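K.L.:
Generate a structure from the sequence data that follows.
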Amino acid sequence: MIVWPEEKRLTKASRDALARFRETAASAELESATETWTIVAWPWANETPLRVVLENASRHAVSFTLRDGGIWLWAEEPREYHIRSVESLERDARGLRS
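P.N.:
This next block holds a predicted model:
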């Protein structure tokens, strides 16, 4: 399943770009999956490349990019997460060293 952004909050260009992505086999495959994918980034303009990034509950991210010529390219999005404590973040905010 794909969680799409609210259309009323999108620009016309964004709605059009997401409509183009919705027509792809990749979109249909993710939409029919049991796993939930959330769109976390989308295009704000009509010019290519158009890029849509989706993320699942495990924070695994994939991107789909429409280039000139009309072909969508799929890629894994390498992401690294650093879980930090509240205390660690507060020390950094005050400029203190660990």
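K.L.:
CA atoms for contacts and neighbours, from now on please.
P.N.:
Will do.
K.L.:
Could you list the buried residues of the lowest-mean-pLDDT helix or strand in the chain?
P.N.:
Sorted by mean pLDDT, DSSP states H and E, the helices and strands of the chain end with helix 86-94, the least confident at a mean of 84. Across helix 86-94, burial judged by 16 or more other Cα atoms under 10 Å covers no residue at all.
K.L.:
For Leu54, list the residues it contacts.
P.N.:
By Cα atoms under 8 Å, 6 or more residues apart in numbering, the contact list for Leu54 reads Trp37, Thr38, Ile39, Val40, Ala41, Ala61, Val62, Ser63.
K.L.:
what pairs with the strand or helix carrying it, and is each one parallel or antiparallel?
P.N.:
Using DSSP states H and E, Leu54 maps to strand 50-56. Using DSSP bridges, strand 50-56 pairs in its sheet with strand 37-41 (antiparallel), strand 61-66 (antiparallel).
K.L.:
could these go into a markdown table alongside distance to Ala17 and mean pLDDT?
P.N.:
Formatted as a markdown table, those follow (distance: least, Cα to Cα, whole Å; pLDDT from 0 to 100):
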| stretch | distance to Ala17 | mean pLDDT |
| --- | --- | --- |
| strand 37-41 | 12 | 95 |
| strand 61-66 | 9 | 94 |
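K.L.:
Deepest in the core, which of those is it.
P.N.:
Sort those by mean neighbour count, taking mean count of other Cα atoms under 10 Å, and strand 61-66 sits at the top with a mean of 19.
K.L.:
what's the offset of the lengthiest helix in the chain from the middle of its chain?
P.N.:
For the chain, the helix with the greatest residue count under DSSP state H is helix 12-22. Put simply, helix 12-22 sits 14 Å off its chain's centre (Cα atoms, centre = their mean, to the nearest Å).
K.L.:
List the contacts of it.
P.N.:
Outside of helix 12-22, the residues that reach it under the criterion Cα under 8 Å, 6+ apart are Glu7, Ser27, Ala28, Trp42, Pro43, Trp44, Ala45, Asn46, Leu50, Val52.
K.L.:
could you dump those residues to JSON lines with pLDDT, secondary structure and neighbour count?
P.N.:
Output for these, formatted as JSON lines (pLDDT from 0 to 100; DSSP: H, G, I helix; E, B strand; the rest coil; neighbours: other Cα atoms under 10 Å):
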{"residue": "Glu7", "pLDDT": "88", "secondary structure": "helix", "neighbour count": "11"}
{"residue": "Ser27", "pLDDT": "95", "secondary structure": "helix", "neighbour count": "17"}
{"residue": "Ala28", "pLDDT": "96", "secondary structure": "helix", "neighbour count": "14"}
{"residue": "Trp42", "pLDDT": "94", "secondary structure": "coil", "neighbour count": "21"}
{"residue": "Pro43", "pLDDT": "93", "secondary structure": "coil", "neighbour count": "21"}
{"residue": "Trp44", "pLDDT": "91", "secondary structure": "coil", "neighbour count": "17"}
{"residue": "Ala45", "pLDDT": "89", "secondary structure": "coil", "neighbour count": "15"}
{"residue": "Asn46", "pLDDT": "86", "secondary structure": "coil", "neighbour count": "13"}
{"residue": "Leu50", "pLDDT": "94", "secondary structure": "strand", "neighbour count": "21"}
{"residue": "Val52", "pLDDT": "96", "secondary structure": "strand", "neighbour count": "19"}
